[in-house]
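Chemist: How does the following fold in three dimensions:
(one chain, ligands or ions: 1)
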Amino acid sequence: MKYVQTTCPYCGTGCSFNLVVVEGKVEGVAPYQRSPVNEGKLCPKGTYAYEFINSPDRLKKPLIKKDGKFVEASWDDALKLIADKFKSYRPDECACLASARTSNEDNYAMMKFARGVLKTRHIDHCARLCHASTVAGLANIFGSGAMTNSIGDIAESKCVFIIGSNTFENHPLIGRRVMEAKAKGAKVIYADPRLTPTGKQADLFLQFYSGTDVCLMNGMMQIIIKNGWENKEFIEKRCNGYEELKKEVMKDDYSLENVAKVTGVPADKIKTAAEWFAKSGTSAILYSMGITQHTVGVDNVKSTGNLQMLTGNLGRPGTGVNALRGQNNVQGACDMGALPVVFTAYQKVIDEAAHKKFTDAWKFPDGIAEGKNGYEVTVMMDVLTEKPGELKCLYIMGENPMISDPDLTHVKHALKTLEFLVVQDIFMNETAELADVVLPAACYAEKDGTQTSTERRVQMWRKAQNPPGEAKGDWEIIASLAAKMGYGAQFPWKTSEEVFNEMASLTPSYGGMTYERLSKPEALHWPCPAKDHPGTPILHGEKFGMPDGKGLMTAIPFKYQAERPDKDYPFLLTTGRSIWQWHTGTMTRRSASLEREEPTGWIEMNPEDAKALDVKNGEKVKAVSRRGEIEITARVTDTIKKGVMFIPFHYAECAANVLTINALDPVAKIPESKASAVKIQKIVEVK
Ligand code: SF4
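Modeler: I've put the predicted structure just below:
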């Protein structure tokens with residue numbers, strides 16, 4: 001028996017644990033006490049992160065679809081088929097989806113494959129669906145689109161404002177830091193349409209309507225300015241745009257009375273929240289997809305920045321705009337340039353110098369994709385249905401858009417228009433079912449690599465067992481495919497470390513990192529530009545990453561969501577996660593201990609709404625939107641605001657995303673998964 005220390009493959013917290021390996025097979029998880037992130041503690045998902053690894057239905061051989069059925073194939077045949085097909089398309093007829101679940105090395109390889117081998121501009125991944133607004137919003141106002149502070153220093157905060165994040169269920173080991181702060185006297189303010197376990201620990205609960213975030217925060221800022229609680233010195237020395245922001249938030253639209261009406265939060269609670277937040281001296285904002293998944297996602301993100309600049313809560317321990325990333329490596333996949341507008345470390349593809357840098361370094365004899373922005377995954381789906389023939393083939397690594405993307409009927413229709421679909425994954429899933437070729441991949445326990453957590457900490461995965469059957473690591477598959485297409489010289493790597501070193505040589509914020517340095521328990525937070533640089537747990541200490549070093553305060557007028565409840569669809573649907581499941585359920589639903597706890601989805605409704613609908617707790621109902629309908633069990637609870645419904649999005653059999661709207665933020669192209677209009681119908685059984 002041996003222990004192999006690694007990093008949790010689930011949420012973006014980045015907890016470490018030991019995999020227990022018995023005679024070459026992973027059989028358990030044991031604490032790794034020296035982790036500075038989780039200090040040996042784990043949430044249920046981490047505790048059972050070994051159960052799916054040796055599931056009997058892991059993919060073990062490549063599969064080629066023939067006459068509508070998958071047939072096992074050799075690697076040689078599968079790769080030859082893909083290579084021949086890919087070569088038959090023009091560059092921009094192809095698109096690639098990288099993955100927030102796989103390693104930095106895998107994402108770097110996919111990014112290089114897309115731009116260098118296929119020469120397509122169209123590469124993206126599911127960060128588009130969760131934190132694209134963070135990347136765009138924070139980069140616009142601070143010059144860096146990432147969580148500003150570290151997880152550990154949340155415990156130093158004197159006031160923690162959690163908005164749009166069920167931290168205790170979705171990032172439990174970050175919730176632990178909130179409780180540490182609370183134990184030391186910090187006030188916790190929680191804004192959400194549901195009284196979640198996070199809200200139950202809060203000192204002040206603002207139960208607001210999903211989609212009214214900007215109104216709430218503008219209202220808080222008006223109170224702060226009216227009372228002179230703003231941090232004048234910070235604003236003067238470190239920010240631009242204060243007068244424009246002040247002009248907007250001082251409008252009557254954001255009077256306490258109006259804000260209370262729009263948000264549904266009592267005026268006295270909004271005032272108390274503003275006072276606690278502004279006067280603590282050390283206040284942190286924690287947010288997640290409740291903020292980002294809106295047509296105004298970028299506005300919401302910028303509002304959190306406005307609030308922090310106004311109160312001077314940036315660049316110090318216990319402060320900051322802390323965007324909590326939902327997937328283990330969503331930060332890293334973005335850092336690796338698996339986005340349609342940037343190479344690694346957000347070097348823009350339209351920047352001639354950056355384009356030349358990658359062209360020269362990669363040495364593809366026939367060049368790389370032109371220096372123009374490509375399509376986002378949400379836009380790809382629209383292009384597939386609205387511009388037939390423009391996109392023809394898609395290569396998906398470790399993603400399952402058939403559960404994760406909004407308006408699933410539309411997604412299925414879009415994927416079915418493809419001439420050729422390749423899916424590379426560890427299990428057959430709803431998207432892979434539609435593929436022409438399925439390639440079996442190794443999971444996190446079967447390969448070395450790195451992932452970057454929500455706090456920009458880069459940590460190691462370590463191989464604990466061999467992959468099942470003929471499955472291989474993702475970058476190895478990509479490199480083999482590149483070689484089949486005549487580009488073996490550009491993918492010469494023998495180890496994950498070699499991939500990392502190539503990536504780091506082209507990526508300033510990772511430039512000082514090596515596997516040796518990352519092997520220490522602390523690992524390193526980017527930016528870490530030199531071999532003797534200690535990493536940067538807190539951003540913006542002295543100045544922001546903007547050209548003049550100043551943060552940009554921005555006037556953000558409040559706008560409602562794209563689809564508001566009306567007489568036909570009278571309820572506001574919001575979606576989210578369960579502590580027992582993760583994302584599209586591909587891994588957690590194959591973990592018996594997790595699946596046992598919440599084996600299917602549910603719809604939460606307020607008792608008053610349930611009474612009006614004549615629905616009892618545990619009864620099946622039909623939830624219907626303008627996109628589709630599902631049957632789902634009602635969970636009647638007074639923890640949800642009247643008029644609002646909630647469905648966890650993990651479950652294929654009652655998929656919330658059948659109902660959600662594919663309306664996009666105009667900048668980030670993120671869909672509005674957090675606010676759609678639905679109606680609920682009682683199912684009357686005919687006896
Ligand atoms: Fe894994 Fe996140 Fe749980 Fe930590 S909090 S054990 S990273 S799922």
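
Chemist: Now this structure against the ligand: closest residue?
Modeler: Nearest residue of the chain to the ligand: G46, at 2.4 Å (C-beta to the nearest ligand atom). Quick note: C-beta positions are derived from backbone N, CA and C, even for glycine.

Chemist: What is the burial count for that residue?
Modeler: Counted with other C-beta atoms under 10 Å, residues neighbouring G46 total 23.

Chemist: looking at it, it is touching C15, isn't it?
Modeler: Yes: between G46 and C15 there is a contact under C-beta atoms under 8 Å: 5.3 Å.

Chemist: Mutual contacts of these two, please.
Modeler: 8, 38, 173 (C-beta atoms under 8 Å, 6 or more residues apart in numbering).

Chemist: Any of those residues buried? List them.
Modeler: Buried residues within those, counting neighbours by 16 or more other C-beta atoms under 10 Å: 8, 38, 173.

Chemist: out of these, who's near the ligand?
Modeler: Restricting these to those within reach of the ligand (C-beta under 6 Å from any ligand atom) leaves 8, 38, 173.

Chemist: residue contacts, the residue lying closest to C159 once chain neighbours are set aside?
Modeler: Distance criterion C-beta to C-beta, 6 or more residues apart in numbering; nearest residue to C159, sequence neighbours excluded, is S280 at 3.6 Å. Taking C-beta under 8 Å, 6+ apart, we find S280 in contact with 157-159, 186-187.

Chemist: where's S280 relative to K158, distance?
Modeler: Per C-beta to C-beta, to the nearest Å, S280 is found 4 Å from K158.

Chemist: same question, A183
Modeler: Separation of A183 from K158 (C-beta to C-beta): 12 Å.

Chemist: Give me the more crowded residue out of the two.
Modeler: Neighbours per residue, other C-beta under 10 Å: of A183 and K158, the larger number sits with K158, 20 against 9.

Chemist: per-residue pLDDT, the more buried one?
Modeler: On pLDDT, K158 comes in at 98.

Chemist: so how far is N313 from it?
Modeler: 10 Å.

Chemist: Quick one: name the residues of this structure near the ligand.
Modeler: So far as C-beta under 6 Å from any ligand atom goes, the chain lies against the ligand at 8, 10-11, 13-15, 38, 42-43, 45-46, 171-173.

Chemist: Quick one: the residues you listed as CSV, columns for distance to T660 and secondary structure too.
Modeler: Shown next, in CSV, are the residues of the chain next to the ligand (distance: C-beta to C-beta, whole Å; DSSP: H, G, I helix; E, B strand; the rest coil):
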residue, distance to T660, secondary structure
C8, 28, coil
Y10, 23, coil
C11, 21, coil
T13, 26, coil
G14, 28, coil
C15, 30, coil
N38, 32, coil
L42, 31, coil
C43, 26, coil
K45, 24, helix
G46, 28, helix
H171, 22, coil
P172, 25, helix
L173, 28, helix
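
Chemist: Okay, domains of this protein per the record?
Modeler: Following automatic domain parsing, the chain resolves into domains at 77-129+328-525, 148-323, 571-682.

Chemist: Would you mind measuring from the residue nearest to K2 when sequence neighbours are not counted to I632?
Modeler: Distances taken as C-beta to C-beta, 6+ apart put V21 closest to K2, at 5.1 Å, once the chain neighbours are dropped. According to C-beta to C-beta, V21 and I632 sit 40 Å apart.

Chemist: Looking at these two, which is more packed in?
Modeler: More crowded of V21 and I632, by other C-beta under 10 Å: I632, with 24 against 19.

Chemist: Could you say which helix or strand holds K669?
Modeler: Using DSSP states H and E, K669 sits within no helix or strand.

Chemist: Any idea how many residues pack against it?
Modeler: K669: 22 neighbours (other C-beta under 10 Å).

Chemist: How about the contacts made by it?
Modeler: Applying C-beta under 8 Å, 6+ apart, we find K669 in contact with 128, 132, 376, 378-379.

Chemist: Check L324 too.
Modeler: By C-beta under 8 Å, 6+ apart, the neighbours of L324 are 12-13, 147, 165, 167, 170-171, 174, 286-288, 454.
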